[in-house]
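[1] Next comes the sequence, and after it the predicted model I'd like to discuss.
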Amino acid sequence: MSDATLAELMITAASETWRNNGELLASGITTIPRLGASLAKMTHSPELLMTDSEAYLVSEPAPLGPRAADYVPKFEGYMSFDRVFECVWGGKRHAMIGPTQIDRWGQTNLSCVGPDYAKPKSAVLGVRGLPGNSINHINSFFVPAHNTRVFVAGEVDMVSGVGYKAERWGAGMKRDYADIRVVVTDLCVLDFGGPDHAARVISLHPGVTFEQVQAATGFPLIAIDNLGETALPTAEQFAIIRKLDPHNMRGMVLKGNPPAIKAAA
Amino acid sequence: MSDATLAELMITAASETWRNNGELLASGITTIPRLGASLAKMTHSPELLMTDSEAYLVSEPAPLGPRAADYVPKFEGYMSFDRVFECVWGGKRHAMIGPTQIDRWGQTNLSCVGPDYAKPKSAVLGVRGLPGNSINHINSFFVPAHNTRVFVAGEVDMVSGVGYKAERWGAGMKRDYADIRVVVTDLCVLDFGGPDHAARVISLHPGVTFEQVQAATGFPLIAIDNLGETALPTAEQFAIIRKLDPHNMRGMVLKGNPPAIKAAA
Amino acid sequence: MTFTKQKTAAEAIAELRDGMTIGIGGWGPRRKPMALVREILRSPLRDLTIVSYGGPDVGMLCAAGKVKKLIFAFVTMDAIPLEPYYRKARESGTIQIEEYDEGMFEWGLRAAGMRMSFLPTRCGLATDVLAKNPRLKTIASPYDDGEVYVAMPALKLDAALIHVNESDKIGNTLLRGHDVFFDNLFARASSHTIVSTEVLHDRLTVDAETAKQNAFERYLVQTVVHAPCGAHPTYLGPNYGLDMDHLKAYNASASEEGGWQKYADEFVNVGEEAYLAKVGGAERVSKLKLPVY
Amino acid sequence: MTFTKQKTAAEAIAELRDGMTIGIGGWGPRRKPMALVREILRSPLRDLTIVSYGGPDVGMLCAAGKVKKLIFAFVTMDAIPLEPYYRKARESGTIQIEEYDEGMFEWGLRAAGMRMSFLPTRCGLATDVLAKNPRLKTIASPYDDGEVYVAMPALKLDAALIHVNESDKIGNTLLRGHDVFFDNLFARASSHTIVSTEVLHDRLTVDAETAKQNAFERYLVQTVVHAPCGAHPTYLGPNYGLDMDHLKAYNASASEEGGWQKYADEFVNVGEEAYLAKVGGAERVSKLKLPVY
């Protein structure tokens, strides 16, 4: 679908990170991650568990936004918040959220920005479930505006989610369950699969160059061998995305709702 | 009621231990303790919480045994087993059970009898909830046949419930919540309120002498000053007991269902 | 039974003292005991330590200068992700904070309910939750694994505020929504729980299935306040949804000079009866659409 | 979804290995996965470590010599308080035991479900649960209180057996009784959970209230066995009550010379279909009165 929007491309890219995860809870938080997880379940990974984003497990992803009066969610189980924590602690989850900052070690921040923790420049949400999620199960991230304020040069201001910075891990702390998969941004898809968990670009969105990504990132990036383009959604994927998001909420996430194929500068 | 049975006297005596407990869960396990708790709730302590002995809190004690077809328990809340444990750990409970052995320190055994724990002479139930109950909340006990096999000379064979034996308590272990109230037997009512928690007889059932009780007990007992008789049920108490136990299951607990007033030997 | 735990909101809040640690049930903008929170706003109480999965409860208490310290994992109003008055307080450095992972927070409440000093957890290790909190210590497994955990300290509460769908006068409560959140643990962690209720019964007698909606025992409840629409403007399933118009106006007030004072004068200081009238009465509240997440 | 977890009981039990640690859901004589237990009795499995709030499941496995070690808090059949075959095994010293308080036992399952090595508890201190168990260690709070707790080790299970009222072929289950007991924790503590179900659906789609009866997520379930009357002779609320006649006969068999062999020949070795016929068929089982406690 060469007329896909960038948001749709990001949804498709996000969905790939839940491929071959086995049977676990796929939690995509906010519009694009949620549509990514839903698309994964509707296509390559029907075994994924998913909630109605409130308290129940559904066998079919719930569409976004206001629903037809006769819409009945397909409940197959229960997932109250205390159950979500049990799920997290048991490790059977792959979540994708949008942190405020990410650093070269894969550490994330959702708490506050600025050098003084007692009097931050900007208070965000708080650490939420990031400390527990990041140390217990698979995590991926979503960045709608790839820039050096998100991908910071040094360490994130308040480490909310764990990463691969060895100095943060004291003796006896179990790192085995921490597993960062990908970061889907508006420019590319990244992972931390380089030497010593260095950040790598694993695909560039159509029309984006590695140099553009590097310039928008506060720390050095590696390009994987044979770095290619992020795949555009297929017609089948596009049809499913439209069904899952009938009110086109995905069109409001990125400024100006740009096309997937970036016009030449 | 001078024609009361000994079982009815014991029920009445048991009910007294729940007086002025405040609002907590009264758990009487097996016929006589349960009727004692129920009687307490129906008379002097309506604030007590009580279950249907399965999973629900009831505002009116459920009668024992088969019920009229139109009987509807008065459910006021829920008390699944995991909630019972939370109640125990929070300390809001006064339970009365019948242990296999009790020693001079108030320690109880419900697990097995005999000197060899690996190959006991008699396996009973297992420790059940005694370790947790005894260290967390108020406990009382019920003994249908007061003898030296129950009230043992030395320490109980397998300490299932904690008591006042100092050597059992290591440094830093919190003893503050352990609180043994009374033991209601077929001869008397005991407590551990003597010097250094020594066992005391606090009332004798009609026609029983202190010497008889001492002879049936494996460790020395103290008589409280002005040791008197255990009160017979009043007419009101008797009427309530009959209503709570319409099939006279209380009549099957003690061998021969003897009268409350022991005939002179 | 003749005893009753019923009090007015003012009487209930008068039982609290300056400097207390107060837990608030609910989650973000869901089932918050807002009538009780507004009563605190009207009271002279101060220097409170607030323990909350925070929503507008935290924001309003911050705005009114009631908060000395906040123990939290987040503050949000969901559809309006950032709570404006929490942000102001946090960014001005006028409140002390203790920040925990959502699950650690649960674990701290659970420890308190068990009367334990701590419970171990892996959550928080290798983050600034541990590094920036001088109160937190670690503990090693005494077994061969030797794994090091955070020792999450008990979050003991002097009081807890919880809004329920139904209660009777002796504290038997029902939570009829999709999720209890952690209200049961707030009640257990507290030595004094004040419940506000949408519907007040003299005495609850229910069937077995309904009895399962009883999330904590009545011995945990010290005070019952009848407060219809008492969770407004937050979401009380299945009774009513978020009042987005109200939350937007509240949110916007933070951008105005003297905005909080205007909001408080209009909605809080007038008393609860006038509050309810101003937001459209019980009839409008009962028609607020349940949210679709 | 086209994948299925459905297997026959024999196929399911064939997945287990000698020496495994196997958790069994239910409580005493309530909701025990007896069809699966009988399948173990028919199998060559041996040297098992059984983790159970024990009832006749434990008794039968002891009688058949399947148990190397028992991890437990009690074994009982409620109305018949003492389980005869458990007593024989225990008194003959032929099984190893690890005895815990009921709540410690829960805590051990919970630790395993959280993939932690231990959880602290006050329960067990100052008793022989601690003194007679060389495996148990204590741990001191790292805070000022310095309180010493038992460090309850995780009860990690190689497999868990659970009987449910309803399941679908991919492991969505419903527990419709009054109490879940700790079946959810058995499922979490196990790396391989086998569910037997009274009713088997192709795929569950239920309303919200019914969905709350789902006590653990389907990713915790590896195998689903369709086993109508599969809890017999134990109590499966709301489907059927205890079979007191059967339990009395089973209990009496322990007093006879060769009693277990006779019981096994009559009820176990004949296969599950013949078992059900011998106990009166589904029609009789469905009429077994629910117990009044």
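    Arrived safely.
[2] so residue C:82 makes contact with residue A:112?
    No - in this structure residue C:82 lies outside contact range of residue A:112 using CB atoms under 8 Å: 11.2 Å. In this view, the C-beta of every residue, glycine as well, is placed from N, C-alpha and C.
[3] if I pick the residue in the stretch 51-200 of chain C that chain B sits nearest to, what's in contact with it?
    Among the residues of the stretch 51-200 of chain C, residue C:114 lies closest to chain B, at 4.1 Å counting by CB to the nearest CB. Residue C:114 sits next to B:86, B:89, B:90, C:188 when contact means CB atoms under 8 Å, 6 or more residues apart in numbering or on different chains.
[4] neighbours around residue 164, how many?
    I went with chain A, as the question did not name one. Using other CB atoms under 10 Å in any protein chain shown, residue A:164 has 20 neighbouring residues.
[5] try chain C instead
    Neighbour tally, residue C:164, other CB under 10 Å: 31.
[6] Doesn't it lie inside a strand?
    Yes - according to DSSP: H, G, I helix; E, B strand; the rest coil, residue C:164 belongs to a strand.
[7] what about the residue lying closest to it once chain neighbours are set aside, distance to residue C:165?
    Closest residue in space to residue C:164, ignoring its immediate chain neighbours: residue C:173 at 4.3 Å, by CB to CB, 6 or more residues apart in numbering or on different chains. Separation of residue C:173 from residue C:165 (CB to CB, to the nearest Å): 8 Å.
[8] what's residue A:144 in contact with, if anything?
    Applying CB under 8 Å, 6+ apart, we find residue A:144 in contact with A:32, A:98, A:185, A:186, A:253, A:254.
[9] give me phi/psi at it?
    When read as degrees, to the nearest 10, the backbone of residue A:144 gives phi -80, psi -20.
[10] circling back to that earlier point, could you dump the contacts of residue A:144 into JSON lines with secondary structure, pLDDT and neighbour count added?
    Converted to JSON lines, those look like this (DSSP: H, G, I helix; E, B strand; the rest coil; pLDDT from 0 to 100; neighbours: other CB atoms under 10 Å in any protein chain shown):
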{"residue": "A:32", "secondary structure": "helix", "pLDDT": "98", "neighbour count": "27"}
{"residue": "A:98", "secondary structure": "coil", "pLDDT": "98", "neighbour count": "21"}
{"residue": "A:185", "secondary structure": "strand", "pLDDT": "98", "neighbour count": "26"}
{"residue": "A:186", "secondary structure": "coil", "pLDDT": "98", "neighbour count": "23"}
{"residue": "A:253", "secondary structure": "coil", "pLDDT": "97", "neighbour count": "20"}
{"residue": "A:254", "secondary structure": "coil", "pLDDT": "97", "neighbour count": "16"}
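[11] between those residues, which is closest to residue B:135?
    residue A:98 (47.2 Å; CB to CB).
[12] Without its sequence neighbours, what residue ends up closest to the closest one?
    Closest to residue A:98 by CB to CB, 6+ apart is residue A:142, at 4.5 Å.
[13] Wait, that neighbour touches residue A:184, no?
    Yes - using CB under 8 Å as the test, residue A:142 is close enough to residue A:184 to be in contact (5.4 Å).
[14] contacting residues for residue 23?
    No chain in the question, so chain A it is. Shown in contact with residue A:23 (CB under 8 Å, 6+ apart): A:47, A:48, A:49, A:92, D:218, D:219.
[15] I was after chain C.
    Contacts of residue C:23 by CB under 8 Å, 6+ apart are C:51, C:52, C:109, C:155, C:157, C:159, C:160, C:161, C:186, C:189, C:190.
[16] Sitting in helices, which of the residues you listed do you find?
    Using DSSP state H, the subset of the contacts of residue C:23 located in helices is C:109, C:186, C:189.
[17] In terms of pLDDT, where does the first one sit?
    Residue C:109 carries a pLDDT value of 98.
[18] quick revisit: counting only helices, which of the contacts of residue C:114 make the cut?
    B:86, B:89, B:90, C:188.
[19] Export those residues as a markdown table, with columns for neighbour count and distance to residue C:179.
    Formatted as a markdown table, those follow (neighbours: other CB atoms under 10 Å in any protein chain shown; distance: CB to CB, whole Å):
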| residue | neighbour count | distance to residue C:179 |
| --- | --- | --- |
| B:86 | 21 | 18 |
| B:89 | 25 | 23 |
| B:90 | 23 | 22 |
| C:188 | 25 | 17 |
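[20] Thank you, goodbye.
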